[in-house]
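S.K.: Quick one, what's the 3D model for this:
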Amino acid sequence: EVQLVTEAAEFVALRPAWELLTKRCRCRSVFLSHEWFEAAWQWRRESAGLYVLCAFQAAELVAVLPLVSESRRRPGMAIRELTFLSVPDTQMCDLVVSDDNVAAAGNAIVSTLRERQSDWDVLRLDYLPQRSRAATILGDAFGVQGFTCRIDANRHNPYISLDGTWDAFYANRSRRLKKANNLIANRLGKAGAVQIEWLAPGKGNLEDVARVTSIVTDISARSWKTSTGNSVDNPGPQAFIQRLSELAHRRGWLSVWILSLDHVPVAMEYQLVADGNVFALRSDFDAAVGGQASPGSYLSRHIIEGLFGRGLQRYFMGPGVNEYKYRWTEQAEPLHRMSVYGRSPRGRILQAWELSLKPAARALRDRFRKLDSAPAVPAGPDREAR
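M.R.: Just a heads-up that it's a prediction; the model follows:
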């Protein structure tokens, strides 16, 4: 039996059953926990509606597809999209399913989505890992039921392996990176006295959590991200961080690093540490200080060094093509997106545009660009005669 959960209270009440379900899953991740999605909902509730599909067998929760429903404008029409309950800080997402019920639960969820075709025009599942259950189980089931499904590799999550030593790792970094780090340390030392505080996983109390969360919000409000609408002082991101901090502290996941100059906080990194891995969610710095002293870069180097020798496996730096991340590592986990097109008129129009018309228009544009950029051929006597 598949039940659709659209009310927040009903969703929160799923937590005990959800926690039992994750213990029976092959793929365990902090990003598949109920706590993560509950915090993410604090942000997404401003613009989307809950659309969580829960599969039960004999009253036992055996699978969850955590979605939200929203309307997006496309040229000439509004498209009803179902997407993961994700936020910009999400690093992976997938179908949460018990290992004993994979195929049956996947087929039941796809059948439910087929029966509820009036709710959606396209299903977008982003942040899928390499061996995603959604991409394999749901993808196959959608194909059997006649839906058009496309899977693309669309981003990477760079990481640093922490199983060696800092000295060995840093020795293999580029001379350019080391020189830049030395210059940054010198500049920052001239700017003031440097203090670094770490609220480590499992440490502190709720008062400490509230204090560092307030500092995180204040630094973010002074960062360049204020122009993006994703800085933590905005209502949605702030509600997300506050709820996540409470829940993550309770689970022993919360990790926050703060750099201060002359006891004034100017840079921070907000992390989750779970299952031996470190996930950097947010790194912000005071824009007024950053251009001169680079406190964010200084803190980043200090954090990476400090994570070695603690029995940890990987430090994930977060999806995104950021040049500074690839100065530190050449390793990255690929992430994929699955798009499933509905059978509504709008779904069929979107499918035709994205899979046929748009690629053809792009190919034609590229062809004309090549013709425009081709060198002119001098006209000789024979060419003029022809």
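
S.K.: What segments of this protein are strands?
M.R.: Secondary structure of the chain (DSSP state E): strands at 2-5, 49-57, 60-74, 77-84, 96-97, 122-128, 148-161, 194-199, 254-261, 264-274, 277-285, 314-316, 332-341.

S.K.: which residues touch the residue positioned nearest the centre of the chain?
M.R.: With distances taken as C-alpha atoms, centre = their mean, T90 lies nearest the centre of the chain, 2.7 Å away. By C-beta atoms under 8 Å, 6 or more residues apart in numbering, the residues touching T90 are F31, A40, F84, D126, Y127. Yep, even glycine has a C-beta here, placed from its N, CA and C like the rest.

S.K.: I figured the third one hits L128, correct?
M.R.: The reference is to F84. No. The pair F84 / L128 is not scored as a contact, 9.0 Å apart, by C-beta atoms under 8 Å.

S.K.: which residues do the two both contact?
M.R.: Residues touching both F84 and L128 (C-beta under 8 Å, 6+ apart) are C93.

S.K.: Below-threshold pLDDT in the stretch 51-200 of the chain: ranges please.
M.R.: Where the stretch 51-200 of the chain drops to pLDDT under 70, the residues are 75.

S.K.: about what we covered before: and the strands of the chain as a markdown table, adding mean neighbour count and distance to T22?
M.R.: Shown next, in a markdown table, are the strands of the chain (neighbours: other C-beta atoms under 10 Å; distance: least, C-beta to C-beta, whole Å):
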| stretch | mean neighbour count | distance to T22 |
| --- | --- | --- |
| strand 2-5 | 16 | 17 |
| strand 49-57 | 20 | 14 |
| strand 60-74 | 19 | 9 |
| strand 77-84 | 18 | 16 |
| strand 96-97 | 28 | 7 |
| strand 122-128 | 22 | 17 |
| strand 148-161 | 16 | 20 |
| strand 194-199 | 16 | 25 |
| strand 254-261 | 23 | 19 |
| strand 264-274 | 23 | 11 |
| strand 277-285 | 23 | 16 |
| strand 314-316 | 21 | 19 |
| strand 332-341 | 18 | 20 |
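
S.K.: can you redo these as a markdown table with distance to K23?
M.R.: Below are the strands of the chain laid out as a markdown table (distance: least, C-beta to C-beta, whole Å):
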| stretch | distance to K23 |
| --- | --- |
| strand 2-5 | 21 |
| strand 49-57 | 16 |
| strand 60-74 | 12 |
| strand 77-84 | 22 |
| strand 96-97 | 11 |
| strand 122-128 | 22 |
| strand 148-161 | 24 |
| strand 194-199 | 27 |
| strand 254-261 | 21 |
| strand 264-274 | 14 |
| strand 277-285 | 18 |
| strand 314-316 | 22 |
| strand 332-341 | 23 |
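
S.K.: out of the ones you listed, which comes closest to R15?
M.R.: Each of those has some distance to R15 by C-beta to C-beta; the shortest is strand 60-74, at 10.7 Å.

S.K.: by how many degrees do the closest one and strand 49-57 diverge?
M.R.: Calculated by axes from the mean of the first three to the mean of the last three C-alpha atoms, to 10 degrees, strand 60-74 forms an angle of 150 degrees with strand 49-57.

S.K.: What strands flank strand 60-74, and is each parallel or antiparallel?
M.R.: Next to strand 60-74 in the sheet, as set by DSSP bridges, lie strand 49-57 (antiparallel), strand 77-84 (antiparallel), strand 96-97 (antiparallel).

S.K.: Please put the alpha-carbon coordinates of it into CSV.
M.R.: Taking Å, rounded to 0.1, in the frame of the first residue of the first chain, the C-alpha atoms of strand 60-74 are listed here in CSV:
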residue,chain,number,x,y,z
GLU,A,60,5.5,-1.5,8.2
LEU,A,61,7.1,1.4,6.4
VAL,A,62,9.3,-0.2,3.7
ALA,A,63,10.1,2.7,1.3
VAL,A,64,9.8,6.5,1.1
LEU,A,65,10.1,8.8,-1.9
PRO,A,66,10.5,12.3,-0.3
LEU,A,67,9.1,14.8,-2.8
VAL,A,68,7.7,18.3,-3.0
SER,A,69,5.3,19.7,-5.6
GLU,A,70,5.7,23.1,-7.1
SER,A,71,4.7,25.0,-10.2
ARG,A,72,7.5,26.4,-12.5
ARG,A,73,7.1,28.9,-15.3
ARG,A,74,8.2,27.8,-18.8
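
S.K.: So the closest residue to V289 other than its chain neighbours versus S98, what's the distance?
M.R.: The shortest distance from V289 to any non-neighbouring residue, by C-beta to C-beta, 6 or more residues apart in numbering, is to V266 (4.7 Å). Distance of V266 to S98, given as C-beta to C-beta, to the nearest Å: 46 Å.

S.K.: Can you add distance to A248 and give the strands paired with strand 60-74 back as CSV?
M.R.: Formatted as CSV, the strands paired with strand 60-74 follow (distance: least, C-beta to C-beta, whole Å):
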stretch, distance to A248
strand 49-57, 21
strand 77-84, 19
strand 96-97, 18
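
S.K.: Minimum distance to R282: which of those has it?
M.R.: Closest to R282 of the strands paired with strand 60-74 is strand 77-84 (C-beta to C-beta; 19.2 Å).

S.K.: Centre of the chain to the closest one, how far?
M.R.: Taking C-alpha atoms, centre = their mean, to the nearest Å, one finds the center of strand 77-84 at 19 Å from the center of the full chain.

S.K.: just stretch 31-40 next, same as before
M.R.: Chain-centre distance of stretch 31-40: 12 Å, with C-alpha atoms, centre = their mean.

S.K.: going forward, begin numbering at 124 instead of 1
M.R.: Shifting the count to begin at 124 puts that one at stretch 154-163.

S.K.: average model confidence for that stretch?
M.R.: The average pLDDT within stretch 154-163 is 98.

S.K.: what's the burial count for G325?
M.R.: Close neighbours of G325, defined as other C-beta atoms under 10 Å, add up to 12.
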